[in-house]
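*Asks:* Next one to model:
(chains A and B)
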2 protein chains.
Amino acid sequence: MLLFTLLFAAIAVAQNSSIQTPTSIVFDSGVPTDAPVPGLYNGTWRPQVHFSPPRGFMNDPNGCFRDDNGTWHLYYQYNPTATVAGNQHWGHATSQDLYTWENQQIAIYAMEDSQIFSGSAVIDTNNTSGFFPNQTNGVVAIYTLNTQYSQVQEIAYSYDGGFTFIKYVNNPVLALDPASTQFRDPKVIRYGNSWAMVVSYAQDFVIGIFTSPDFKNWTHASNFSHHGLLGLQYECPNLVQMPVEGGDAMWVLVISINPGAPQGGSITQYFPGDFNGTHFTPVDGAARIADFGKDNYAGQFFYGLPETEEQVFIAWASNWEYCQQVPTGETEGWRSSMSVPRRTHLANVTRMGWDMISAPYDLSPIYSSPLATNSSLGNGSILLDYSTLPSRAIYFQCNVSNIPNNTYSQGTLNFTFYSSTTHESVSGGFYFGGDNPFWISRQKVLGFGKTNPFFTDKFSVGNPINTNGTFTLEGVMDRSILEVFLDGGRNSGTMTFFPLGELDTIELRAGELNDNVTVSVAVWGLKSTWADQASADGVVYGNVTSGGNSTQTMRRDMKAHT
Amino acid sequence: MLLFTLLFAAIAVAQNSSIQTPTSIVFDSGVPTDAPVPGLYNGTWRPQVHFSPPRGFMNDPNGCFRDDNGTWHLYYQYNPTATVAGNQHWGHATSQDLYTWENQQIAIYAMEDSQIFSGSAVIDTNNTSGFFPNQTNGVVAIYTLNTQYSQVQEIAYSYDGGFTFIKYVNNPVLALDPASTQFRDPKVIRYGNSWAMVVSYAQDFVIGIFTSPDFKNWTHASNFSHHGLLGLQYECPNLVQMPVEGGDAMWVLVISINPGAPQGGSITQYFPGDFNGTHFTPVDGAARIADFGKDNYAGQFFYGLPETEEQVFIAWASNWEYCQQVPTGETEGWRSSMSVPRRTHLANVTRMGWDMISAPYDLSPIYSSPLATNSSLGNGSILLDYSTLPSRAIYFQCNVSNIPNNTYSQGTLNFTFYSSTTHESVSGGFYFGGDNPFWISRQKVLGFGKTNPFFTDKFSVGNPINTNGTFTLEGVMDRSILEVFLDGGRNSGTMTFFPLGELDTIELRAGELNDNVTVSVAVWGLKSTWADQASADGVVYGNVTSGGNSTQTMRRDMKAHT
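*Replies:* Here you go, the predicted structure:
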């Protein structure tokens, strides 16, 4: 079946064929090393407030950190030469607000026989690594070098704040004996006077914890094994400390699994608990899922935020079951976006117990215009055509109050995004009675989902009504991706889809609610974060003016040491 | 929305309106007490080799046991007066082969202000209870009495081998102080010289373990809490000892969760481990899911099988998200069937680790005719019209050998069931390369799934190829339910659907397999286990000749003691 045929050959990107590539020195791969890869961000399915790669294939977020100037750095698993996985580099983008991303030149390059798999980055303020005798903003990245024979952990360092990297001469810094092909995704944090790494022994269902004084010498400290959903691999662990509602900061261990998620394919789970620098102890034996959709995987927390601040998490918004087949590849030359960045903390919520609350990071920088508000919707509806909104990216929020005790509560609150041309729709809704299920559906989108046997149509979650009788629904709709957030992030769901017609109309409708229940709704347009970056030819060239000299340094180093 | 409207009023069943109800003494509810409820089993969607209630609504299997004569007793949560939940009785059926079920009179009756919720049954061979001074085949049932104010555990005993029950005069035998409305589903087994009960503190995510010498006095022994997926409730625990491939028998704790399954709604998970009579200790912290579909919940093991025998499990084949809306209610007057009975054991399988192997119980008693066999399908297909098979129930099996190492394996093996009238289809398939995903889909069935937001269309699981290069697919298709089994039960998936046209054609197709891979396929027709029981008017009246006297006894007792 065509469906399962992996196309590893470079794919000619029709829309980009007329792009003038900036003058550049290239490897054999054809990837520029002194400038970002240019890309067209105006395709029908291109998210306008989410990060997606300029062209080619993207998967896991990597090396996320916030620097001392407040700039957010996002790296990502990147194949710049095809719209399927393979030839993995670390792409790079930076942002001041986590929504408006500037593409940077590729940060770490794949070589002919080895790929740069996932990993993380830190700021080595105190020069523990010895790489930075003259600066406090040196960046160390650690990643998995993947070859046919093994996966080992390597490091690279950056003098220029994370734009260009030099591979360490004595790599690898961590390898198994005998060699393993299933040892990957190191995520490093600072704990006391030490570095602490979580890394996955993927098919053993073990997260190893290692410590190091200098990022070069790593000592095995403990294993966290066979917890929660196993699927067929543990991947992309994260260990992070975050605020707790009404309590002291706690730790969370996040593990992605793929394949083998209950929904099929890829999923993210997490474990609240305690970390003492060498051992992680979960609060209980429960398996908690980060997102009830099927498009939220391999998420990573940004390094550099104090534990008193909500931590910031960004995930890859796709699923290995179909990420290499979604139709953006053929028609727009890119595949996969990230989720919206999410601010997270822990709470011990009614009935659910420990829960990672995950809400969109501050959207205010990208609000464009309020499109509709109604503070007394009651059992009514609003219907809004937003086809003239250039971004076709929408934020909506519904706040419901005075919901009676669950025994008596009833009624529904539904949303639908329509295409006025094809009558396709993406929808969701909440039922105020019974088990309080909330659902989202991509069933009524034509195209990809009708032929792909893994593109599940509907997702749902039980969301008990708050004891104070309120319910909140928020959503970010961005052309081919929807993320919903219930009760400020108590539950969240991510779902992608590829309608044949543009979604351009939103309906919000409440019905059969109890008397006295109040509903207020608001819909905002969001700015296109990419349109302002485009040149006259429509292409986003990214940050072509910086990093040139360092790139030369890096390239020489890579040739010498790898 | 109509979808969410629970219809608790008794529903007139069109097909049954002309049925002559046997002479019977009835409660106010209108339910006969001296004969089974009659039912029509020839509807388009009626399973022919699965148990479903004669009419009305069914959910959890209850009180499952095998008696000393080898008769299997299945009780079930039963509302005989409507096709939605409520008014819960214990329905009853018996079988010699686990496929051909004879409907018995209702075993335990709901009263006006209280319902008989789920529970279990045992044979009290040694008269530990004191109820059976003169027999070794006395049966004790334990169930949750559900009222508006509390859930407590009650017992009832049967002198006639489980056909009629007398409620214990000093009920309840176990109640919480203060009273709880979330304490239910006792499952009792024999351990040494004691009875051991697992019971759910549902919304605390705790399984309590109690022990008793006499079934009347229960002592709390331990709690198993916050393990695996929590959802929003723990329900229907089971504790059972079963054989292990290449090792000594081990214990398994099974917990159903609803709502809040990752797929939405209801799901079953299990924990292999050890039980010492008072405490259960899982082998690890993993959450293992019993079935990758969305229609396998509240399963129960039959009491009375030695741990050296494969244990037998039967589940309710539906989901609380939509069980009260599926269209069989309006058109055929029944809702929900059980799964096929499954024989289970444990194995420590390659890569997956501990796994409960779950395969159909011996189907040989219900084979009717081989419809097609091909021992060298190769990259070919067979297409078979089975519209003349009265049952329209099918068993199919595909055995694949000589699959090369996964790096090189490729190709697909797919099945499709079509309706020749509407061109609807139910399908599934396996991919021999990549992550070895197996999928099933009810997407191309018209009707219910197109309008119900919880009736998810597709399910999948990763199923690594055996190290010996083989793959086996088995399936039981029975009009409105499909169950698939991979590699002898390493993975299983249950899915219901309600096509507008009858499924009457099967296609099995292999394609793009490696050279030298061999594929043999076989399709058998299955007997209708209900047709032979029908009277001339088409109605199955069940076992109307037995139990009359005991029923009178029971009824007087119920009136006296409840």
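*Asks:* Mind splitting chain A into its structural domains?
*Replies:* A:55-359, A:364-526 (the TED database).
*Asks:* Deepest-packed of those domains, please.
*Replies:* Greatest average neighbour count among these goes to domain A:55-359 (a mean of 21), per mean count of other C-beta atoms under 10 Å in any protein chain shown. The C-beta positions use only the backbone N, C-alpha and C, and glycine is treated the same way.
*Asks:* Wait, A:Leu145 touches A:Glu154, no?
*Replies:* Yes: in terms of C-beta atoms under 8 Å, A:Leu145 counts as a neighbour of A:Glu154; the distance is 4.7 Å.
*Asks:* shared neighbours of those two, anything?
*Replies:* By C-beta atoms under 8 Å, 6 or more residues apart in numbering or on different chains, A:Leu145 and A:Glu154 have these common neighbours: A:171-172.
*Asks:* before we move on, back to that, got the domains of chain A as CSV, with distance to chain B columns?
*Replies:* Converted to CSV, the domains of chain A look like this (distance: least, C-beta to the nearest C-beta, whole Å):
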stretch, distance to chain B
domain A:55-359, 4
domain A:364-526, 4
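*Asks:* Would you mind giving the ones you listed as CSV with distance to A:Gly538 added?
*Replies:* Converted to CSV, the domains of chain A look like this (distance: least, C-beta to C-beta, whole Å):
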stretch, distance to A:Gly538
domain A:55-359, 13
domain A:364-526, 13
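*Asks:* With B:Gly273 as the reference, name the closest of those domains.
*Replies:* B:Gly273 sits nearest to domain A:55-359 of all the domains of chain A, at 11.6 Å, using C-beta to C-beta.
*Asks:* now the closest one: how far from the chain's centre is it?
*Replies:* Computed by C-alpha atoms, centre = their mean, to the nearest Å, the chain-centroid distance of domain A:55-359 equals 10 Å.
*Asks:* Now do the end-to-end distance for that domain.
*Replies:* Criterion C-alpha to C-alpha, to the nearest Å; first-to-last residue distance in domain A:55-359 is 28 Å.
*Asks:* Likewise for stretch A:421-435?
*Replies:* For stretch A:421-435, the first-to-last residue distance is 36 Å (C-alpha to C-alpha).
*Asks:* Three-state assignment for the residue nearest in space to the middle of chain A, please.
*Replies:* Compute the mean C-alpha point of chain A, and by C-alpha atoms, centre = their mean the closest residue is A:Ala315, 1.8 Å away. Using DSSP: H, G, I helix; E, B strand; the rest coil, the structure places A:Ala315 in strand.
*Asks:* and if you look at A:Thr331?
*Replies:* Recorded secondary structure, A:Thr331: helix (three-state DSSP).
*Asks:* quick one, what contacts the residue nearest to the centre of chain A?
*Replies:* Each residue near A:Ala315 by C-beta under 8 Å, 6+ apart is listed here: A:61, A:268, A:290-291, A:296-300, A:338-339, A:342, A:494.
*Asks:* Same question for A:Asn463.
*Replies:* A:Asn463 is in contact with A:430, A:436-438, A:471, A:486-487, A:490-491, counting by C-beta under 8 Å, 6+ apart.
*Asks:* pLDDT wise, what is the residue lying closest to A:Thr308 once chain neighbours are set aside at?
*Replies:* Among residues not flanking A:Thr308 along the chain, A:Pro243 sits closest, at 6.2 Å (C-beta to C-beta, 6 or more residues apart in numbering or on different chains). The model reports A:Pro243 with a pLDDT of 98.
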